[in-house]
Every structure is written in C-alpha cells, then in structure tokens.
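Chemist: Please find the sequence and the predicted model below.
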Amino acid sequence: MNIAQYLDSTYLKTPEQSGISHEETLQINKKLAQEAIDNGIFAVMIRPDYVAEIKKYIKERNSNVAVGTVIGFHEGTYSVDEKLAEASKAIEDNADELDFVINYKAYLQGNTELVKEEFVKCTKLALEHHKIAKWIIEIAALTDEQIGDLTKKISNWAEENFSENDLSKIFVKSSTGFYETTGGKPNGATFEGIKIMLDNAGKLPVKAAGGVRTPEDAEKMINMGVKRIGTSSALALIKNESSSGGY
C-alpha cells in the first residue's frame with residue numbers, strides 16, 4: 001500500500017513552544033516540505049504564519065504537494081469572526097486546506113447553534129475559494145456517544161447546506177494532538193474513536209490525526225475507510241519504521 005498519498009506531514013509547534021526562533025521554525029517547515037516533495041507525501045500541515053513561504057518554496061520546486069494549515073488552533077474557542085479572519089488570511093497566503101478546530105467546548109455546553117454557525121460560515125468560505133475544509137472534533141475531550149453525535153451533526157449540516165459535489169471536500173478530523181489528557185489516555189486517533197466517526201460521517205471523509213505510530217496502524221486506518229492521516233512522523237511511516245512521537 002502507498003501510505004504516502006494519505007499522509008498530511010505535520011509540524012504545528014510555535015517557536016515559543018519549541019524554544020527556537022521564527023527562522024529556525026521556518027527551516028523545519030522547509031525540511032518538512034522537502035521530505036514531502038521527495039517522498040510523494042500528499043500534504044504538509046503547518047501553522048498559518050508559515051503558509052505563504054512554504055507554498056512559495058513548494059511551487060518553486062514544481063511540486064503539487066498541498067499546503068494545509070490550522071484555524072482556531074488548538075482550543076477551538078475562537079469566535080466565528082476570528083476563525084473567518086484567520087481562514088481568510090490563510091486563503092490569501094494560498095493555503096490549499098484549512099483544518100478548523102470546532103468549538104467542541106460550546107458543543108459540550110449545549111450551544112449547538114454556535115457550532116453550526118461556525119461550521120456553515122467557515123466551510124462556505126473555504127469551498128468558495130476551492131479549498132478543502134477539515135473539522136477537528138477533539139475526540140479525547142468527548143465520550144463515545146458525543147463523538148458519534150458531533151460527527152453526525154457535522155454530516156447533517158454539510159448535507160443540508162452544501163451540494164453533493166462538495167461533500168468530499170469536507171472532512172471530519174479526530175484530533176489536534178495538543179489536547180492534554182490524564183491517566184495515560186490517548187489524545188489522538190484511536191481505532192475505536194475512528195470507527196465511531198466513520199459510522200456517523202455519512203458521505204464526509206474522515207481524517208485520523210495523532211496516535212498513528214506504525215505503518216501497520218496506518219494501513220489498518222486506511223482499510224477501515226480513513227481518507228487522510230495526520231502525523232508528525234510521516235517519513236518514519238513510509239520507511240516502515242515505528243514512531244514514538246505524540247502527533
């Protein structure tokens with residue numbers, strides 16, 4: 001199986017989180033992009049501040065590696081207007097894919113209308129500019145029942161508000177990789193969580209992010225029906241190595 005075509009090779013640490021400079025972070029992102037170019041990896045997933053430079057880097061090398069970025073990351077509690085503004089800037093910088101963190105805290109508080117509003121408005125913006133929209137639901141923060149319910153809601157909202165042709169461009173994604181769990185609980189994709197998502201996503205594709213650490217895990221996810229995998233260990237996966245990394 002060609003795992004590379006399913007992978008979003010990911011680096012989402014800010015310079016502050018890593019204790020390094022903006023320039024050093026940019027070099028890490030360029031290395032990530034070059035690895036993707038050299039190994040047929042589908043996309044790189046990076047912070048918004050680096051999208052314009054990395055898109056230019058990839059274009060200069062005549063590559064079609066996609067550039068994705070995160071919106072409302074990682075808490076998801078940004079206002080709708082803030083998410084729209086951040087997405088608009090990413091679109092201006094030529095991002096191909098926008099991975100929005102859904103306001104799962106609002107969902108948990110029962111404010112479904114707010115969650116629906118941000119989903120519809122942000123997805124509409126992405127699709128109008130021919131971008132892929134992915135919605136991170138942060139499964140580690142949810143019960144199994146809530147994973148199924150929120151995935152189903154997103155699927156229903158997508159079918160109600162967008163055309164049949166658009167549905168393949170709207171993903172439900174498992175995790176940010178930054179959620180802090182307790183008691184050793186996984187903070188990323190699990191086979192159980194992904195199965196619940198797949199069972200409730202309807203016509204929407206599913207992206208598994210975080211926790212996919214071996215080529216065997218990746219193949220199993222793909223065979224289950226996952227269309228994309230977000231990983232900070234893309235190179236290890238395609239070289240048939242195991243990763244001990246978090247995301």
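Modeler: Yep, it's here.

Chemist: switch to C-alpha atoms for all contacts and neighbour counts from now on
Modeler: Will do.

Chemist: Return the per-residue confidence for Asn29.
Modeler: The pLDDT attached to Asn29 in the predicted structure is 98.

Chemist: Quick check: which element contains it?
Modeler: helix 22-39 (DSSP states H and E).

Chemist: helix or strand right after that helix?
Modeler: strand 43-46.

Chemist: which residues touch that next one?
Modeler: Residues outside strand 43-46 that contact it (C-alpha atoms under 8 Å, 6 or more residues apart in numbering): 7-12, 29, 32-33, 36, 65-70, 230.

Chemist: Pull the helix holding Asn29 out as CSV, backbone CA atoms only.
Modeler: Once non-C-alpha atoms are left out, helix 22-39 reads as follows in CSV (Å, rounded to 0.1, in the frame of the first residue of the first chain):
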residue,chain,number,x,y,z
HIS,A,22,10.9,32.0,13.8
GLU,A,23,13.7,31.5,11.3
GLU,A,24,14.6,28.1,12.8
THR,A,25,10.9,27.1,12.7
LEU,A,26,10.8,28.1,9.1
GLN,A,27,13.7,25.9,8.3
ILE,A,28,11.9,23.0,10.0
ASN,A,29,8.9,23.7,7.8
LYS,A,30,11.1,23.8,4.7
LYS,A,31,12.6,20.5,5.6
LEU,A,32,9.1,19.0,6.1
ALA,A,33,8.1,20.3,2.7
GLN,A,34,11.2,18.9,1.0
GLU,A,35,10.6,15.5,2.6
ALA,A,36,7.1,15.6,1.3
ILE,A,37,8.3,16.5,-2.2
ASP,A,38,11.0,13.8,-2.2
ASN,A,39,8.7,11.0,-0.9
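
Chemist: Just the contacts of strand 43-46: which are in helices?
Modeler: Secondary structure assignment (DSSP state H) places Asn29, Leu32, Ala33, Ala36 from the contacts of strand 43-46 within helices.

Chemist: Tell me which residue is most central in the chain.
Modeler: Asp99 (4.6 Å; C-alpha atoms, centre = their mean).

Chemist: that's a strand at that one, yeah?
Modeler: Yes. Counting by DSSP: H, G, I helix; E, B strand; the rest coil, Asp99 is found in a strand.

Chemist: roughly how far apart are it and Lys116?
Modeler: 16 Å (C-alpha to C-alpha, to the nearest Å).

Chemist: likewise Arg228?
Modeler: From Arg228 to Lys116 the distance is 24 Å (C-alpha to C-alpha).

Chemist: So Ala209 sits against Thr176, correct?
Modeler: Yes. Here Ala209 reaches Thr176: they are 7.0 Å apart, a contact under C-alpha atoms under 8 Å.

Chemist: closest to Val172 among the ones in helices among the contacts of strand 43-46?
Modeler: Nearest to Val172 among the ones in helices among the contacts of strand 43-46 is Ala36, at 23.0 Å by C-alpha to C-alpha.

Chemist: Lys152 sits in which helix or strand?
Modeler: Judged by DSSP H and E, Lys152 forms part of helix 144-161.

Chemist: What residues of that helix count as buried?
Modeler: 146-156, 158-159 (16 or more other C-alpha atoms under 10 Å).

Chemist: Could you do stretch 12-26 as well?
Modeler: Leu12, Thr25, Leu26.

Chemist: Just the endpoints, please. Distance across that stretch?
Modeler: Span of stretch 12-26 from end to end, C-alpha to C-alpha: 11 Å.
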